[in-house]
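*Asks:* Build me a structure from this.
(2 chains)
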Amino acid sequence: MKYKFLPHTADIKFQAFGKSLEEAFENSALALKEIMYKKLKVKEKIKKRISVRGKDNERLLYDFLEEFLYLLDAEGFLLSKIKNIKITKIFITNKTKKINKSKTEDNKDNKINNEKVYNYKLIAEVIGDNAKNYNFTNNVKAITYNNMFVKQEKDKYICQVVVDV
Amino acid sequence: MELKKISENMWGIPKEGKMNVDVRIFASEKLLEDMKKDDTLKQASNMAKLPGVLNPVIVLSDAHQGYGACIGGVSAMDLENGVISPGQIGYDIDCSVRLLKTNLKEKDLKNKKEIIHSLFRAVPSGVGRGSNVNITYKELDEVLKKGAKWAVEKGYGIKEDLEHLEENGCLMPCNPDDVSKRAKQRGIGQLGTLGAGNHFLEIQKVDEIFDSETAKKLGLEKDQITIMIHCGSRGLGHQVASDYIKLMEDKYGWPEFDRELVNAPIKSELGKKYFSAMNCAANFAFANKQIITHWVREQMKHYFKDIKIDTIYEVCHNIAKIEKHIINEKEKQILVMRKGATRSFPNQPVLIPGSMGTASYVLVGTEKAMKLSFGSTAHGAGRVESRTKARKKLRGEDVKKQLNEKGIDVEAGSWKGLSEEAPSAYKDIDEVVKVSHETGIGNLVARLVPIAVMKG
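*Replies:* Okay, here's the model as predicted:
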C-alpha cells in the first residue's frame, strides 16, 4: 500500500508508506495528488527540479508538499509523477553569539560560535503538465502540522499528514 | 477533562493542568455530543494553554475539530503578554461572507437556472482556473494596502458598498512588504475568483423574518431575493499563514501540545509583521468579493434592466483584530482571534451561511456577546462528517437530484465536489443559530433559503 486515508471531520488526513524515507515522501505527494485530482491522467510535458530544506523530517515534508500547492497556484503546474527523489543530511553552520556571563572572565569570551547543526535537503524531479489543460475542483488550501509525523517502524517509513481543504 | 453545565446551552471546562484559563462552550446537548466525538474540546483546552490568553477561551455552537485551534474557537489575548498564532486564525485568512440585497422578488426569477449558469460563467471558480483581472505586482501591493477600496477605484462596484463592509473593507496596519514573494505569486492570478471546497455563490430568497425592526433597517423583507458570496483570500492568504508558521517556529520553537499552535508574542517584531501580512491577506479577500459583486451586478443587468443590488454587509470569519473589551471591569485593548467565528458587536449584522442547499441566517450582534463571548458568535453549519465519508455515501448526481427536488438549481465544477458538500455532512444550521439566539450572543433577524447555487 502506498498510502491510506484516515477519518477526519473537516479536513483530510492520510498516512503514506515507503521502504525508504524518499519513497514515503513520494507517496505522500501521490496522496496529495489523489485528494486534488484522482481521476485525471496528467500528461508528462513539463519537467522541473525542486529543492527544499528543513531542520527535521516534519518540516521537510511540510515544505515538500507545500511546493506542489505553490507550483499549482503560481505557475499552473500540475504534478503527474516524481523522479529521482533524494534526501540527504547536510551540515550547516549557525552563527551564534555566545555570551559568557561569568564575572571572573569579563568580556573576553563574548566571541562568535560557529555551531554546526544538521539539516535535511530534498531534491527531486517533478514531471507534469499545465493545469489549464485540465478541469478539477478539489483544492487543498494548505499543509498543516496537525498530527503530523514522520517515523521509521522496522523496515518501513510512515508519514502522517492532515491537509486543510 | 471535566465538563460542567453553566446554564442552558452553556458549558464550561474549568482550567486544569497547563491551562491558563477556562473554556466556555455554547452548545445544545445535541451539538455538544458532536463536539465530544472528535478533538474539538481537546483543541480548545490547548488554546487555553497559550501565554497571555484571557479568560475564557470560547467554543461556539458550530465548533468542530480543526488544526491547532478548533474551528468555531475564539481566544482573546492580552496585548502585553499575549501571543498571536496563525493556527488560531486559520490558513484561509478572512474566509468571509458578503450578502447582497436586490429589488427583486421570488416571482421575478422565472429563469433562475439560466441566471445561475451565467453567473457560473462570469465568476471563475474551481482550481487552476485563472482570474480575469490582470494586474502587476505593483498593483497587487495596492490591493493589499487598500482592500475593497482598490476595487471600487478601478470601477468594480460603488462607494456605497464600502460603507457596509466590516472595517469598510480594509484592515490596518497592512504593509505589503510583510507578504512574501511566494504568497504574492500564488495570489496574483486569483483576484476575483471564487475558489473551490466549501466556497459558493448563492441566489436566495428571504424565507422568514424574526426581527422586523432590524430587518427593516437592513432593507430585508419576505420573499425578497438576496445573493450571498462565500470565499476568502485564496492562495495568497494560505501562503501568508504557512510562511509565518515557519518563521515563528524557527524563531520561537513550538508548544509541545501542538506544533500547529506555534506563535509569536504580539509585541515582537515577528508578531507585528504577521499581523500586518494577515491584514494584507484580508484586504485581498475584501477586494476579491468586491470584484465578484461587480460581476454579479453586470450579469443580473442582462436579465433585469432596472435591477438594484446593494451590499448589506460583509463579515470576516477567520481573523485577528485589536478591539476594546471590558476586562476586569476596565475597558482595555486586546487581540481577539476568531477562527471559524463571526464578530457579533451590538447592532452589527452577523451573516451565518448554511451548507450548500440549506438555510442561511442573518443575525444581529448584541451587548450580551460583548459580555459572554468577546463579541463573537458562530460562523456556519460546521461539518459533522468527513469529506471522504460524504463521498462514499452519496454521489454528486444524487446530491444534485435532491437539491433539484427542493427547487434549488445547482452549478458545480465537479460531481465529487458536490457530493463532499452534501447537506447531510453538516451540522443542523437551525440548531446552531438557535443556540446563538437563546444564549443572546447573536439574535435572529431573518432566514434565507437558497433557490440557485453555484459551487466551485
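
*Asks:* show me where pLDDT drops low in chain B?
*Replies:* Low-confidence segments of chain B, defined by pLDDT under 70, span residues B:128-129.

*Asks:* Just want the phi and psi numbers for the residue sitting nearest the centre point of it.
*Replies:* Most central residue of chain B, judged by C-alpha distance to the mean C-alpha position with Cα atoms, centre = their mean, is B:H317 at 2.8 Å. According to degrees, to the nearest 10, the main-chain angles of B:H317 amount to phi -110, psi -30.

*Asks:* how about the nearest residue to it once chain neighbours are set aside, secondary structure?
*Replies:* Counting by Cβ to Cβ, 6 or more residues apart in numbering or on different chains, the nearest residue to B:H317 once its immediate chain neighbours are dropped is B:H379, at 4.6 Å. C-beta: built from backbone N, CA, C; applies to glycine. Local secondary structure at B:H379 is given as coil here, using DSSP: H, G, I helix; E, B strand; the rest coil.

*Asks:* give me the number of residues near B:H379?
*Replies:* When neighbours are defined as other Cβ atoms under 10 Å in any protein chain shown, B:H379 has 30 of them.

*Asks:* For the closest residue to B:L50 other than its chain neighbours, give the beta-bridge partners.
*Replies:* Taking Cβ to Cβ, 6+ apart as the measure, B:L50 lies nearest to B:V83, with 5.6 Å between them; neighbours along the chain are not counted. Assessed by DSSP bridges, B:V83 has beta-bridge partners B:P265.

*Asks:* From B:M337, how far out is B:V83?
*Replies:* As for B:V83, its distance to B:M337 is 10 Å (criterion: Cβ to Cβ, to the nearest Å).

*Asks:* Next up, the contacts around B:D62.
*Replies:* Taking Cβ atoms under 8 Å, 6 or more residues apart in numbering or on different chains, we find B:D62 in contact with B:L31, B:I71, B:G72, B:G340, B:A378, B:H379, B:G380, B:A381, B:G382, B:K427, B:V432.

*Asks:* so who does the residue nearest to the third one when sequence neighbours are not counted touch?
*Replies:* The one in question is B:G72. Nearest residue to B:G72 in three dimensions, chain neighbours excluded: B:A63, at 3.1 Å (Cβ to Cβ, 6+ apart). Applying Cβ under 8 Å, 6+ apart, one finds that B:A63 lies in contact with B:I25, B:A27, B:M35, B:T40, B:A44, B:C70, B:I71, B:G72, B:G73, B:G340, B:G382.

*Asks:* Which ones among those residues map onto strands?
*Replies:* The strands in this structure, assigned by DSSP state E, contain B:I25, B:C70, B:I71, B:G72, B:G73 from the contacts of B:A63.

*Asks:* Measure how buried B:I135 is and give me the count.
*Replies:* Using other Cβ under 10 Å, the number of residues around B:I135 comes to 17.

*Asks:* For it, what is the enclosing helix or strand?
*Replies:* Per DSSP states H and E, B:I135 falls between elements, in no helix or strand.

*Asks:* For chain A, see how far away it is.
*Replies:* As judged by Cβ to the nearest Cβ, to the nearest Å, B:I135 and chain A stand 15 Å apart.

*Asks:* And B:Q348, by the same measure?
*Replies:* 27 Å.

*Asks:* that older thread, what's the residue nearest to the centre of chain B in contact with, if anything?
*Replies:* B:D94, B:C95, B:S96, B:V97, B:R338, B:G340, B:A341, B:T342, B:H379, B:G380.

*Asks:* go again using 10 Å as the cut-off
*Replies:* By Cβ atoms under 10 Å, 6 or more residues apart in numbering or on different chains, the contact set of B:H317 is B:71-72, B:90, B:92-97, B:230, B:232, B:285, B:338-343, B:351-353, B:378-380.

*Asks:* try B:V21
*Replies:* The contact partners of B:V21, by Cβ under 10 Å, 6+ apart, come to B:13-15, B:47-50, B:53-57, B:75-76.

*Asks:* try B:G456
*Replies:* For B:G456, the contacting residues are A:137-139, B:120, B:123-127, B:129, B:193-201, B:230-231, B:411-414, B:417, B:421, by Cβ under 10 Å, 6+ apart.

*Asks:* Helices along chain A, start to end?
*Replies:* In chain A, helices defined by DSSP state H lie at A:21-37, A:57-75, listed in chain order.

*Asks:* max-length strand in the chain?
*Replies:* No chain in the question, so chain A it is. Of all the segments assigned as strand in chain A under DSSP E, the longest by residue count is strand A:77-97.

*Asks:* I was after chain B.
*Replies:* In chain B, assigned by DSSP E, the strand with the most residues is strand B:443-455.

*Asks:* Okay, now the sheet partners of that one, with direction.
*Replies:* Within its sheet, and counting by DSSP bridges, strand B:443-455 is paired with strand B:200-209 (antiparallel), strand B:360-364 (antiparallel), strand B:409-412 (parallel).

*Asks:* Chain neighbours aside, what residue packs nearest to B:C170?
*Replies:* Nearest residue to B:C170 in three dimensions, chain neighbours excluded: B:G147, at 3.6 Å (Cβ to Cβ, 6+ apart).

*Asks:* ugh, typo on my part, it should be A:N84
*Replies:* The spatial neighbour of A:N84 that comes closest, neighbours along the chain excluded (Cβ to Cβ, 6+ apart), is A:E125 at 5.0 Å.

*Asks:* And the pLDDT at that neighbour?
*Replies:* pLDDT, A:E125: 98.

*Asks:* Around chain A, pick out the residues from the stretch 1-150 of chain B.
*Replies:* Proximity of the stretch 1-150 of chain B to chain A is confined to B:34-35, B:37-40, B:43, B:64-68, B:70-71, B:86-87, B:90-92, B:95, B:125-130 under the rule Cβ under 10 Å from any Cβ of the partner chain.

*Asks:* returning to what we had before: among the contacts of B:G456, which are located in strands?
*Replies:* Residues of the contacts of B:G456 located in strands (DSSP E): B:F200, B:L201, B:H230, B:C231, B:E411, B:A412.

*Asks:* which one of those is nearest B:K393?
*Replies:* B:A412 (17.2 Å; Cβ to Cβ).

*Asks:* Report the contact partners of the closest one.
*Replies:* With contact set as Cβ under 10 Å, 6+ apart, B:A412 has these partners: A:137, B:120, B:125-126, B:196, B:200, B:356, B:396, B:399-400, B:403, B:418-419, B:421, B:453-456.

*Asks:* Quick check on those: which are buried?
*Replies:* By neighbour count, with 16 or more other Cβ atoms under 10 Å in any protein chain shown, the contacts of B:A412 hold A:137, B:120, B:125-126, B:196, B:200, B:356, B:396, B:399-400, B:403, B:418-419, B:421, B:453-456 as buried.
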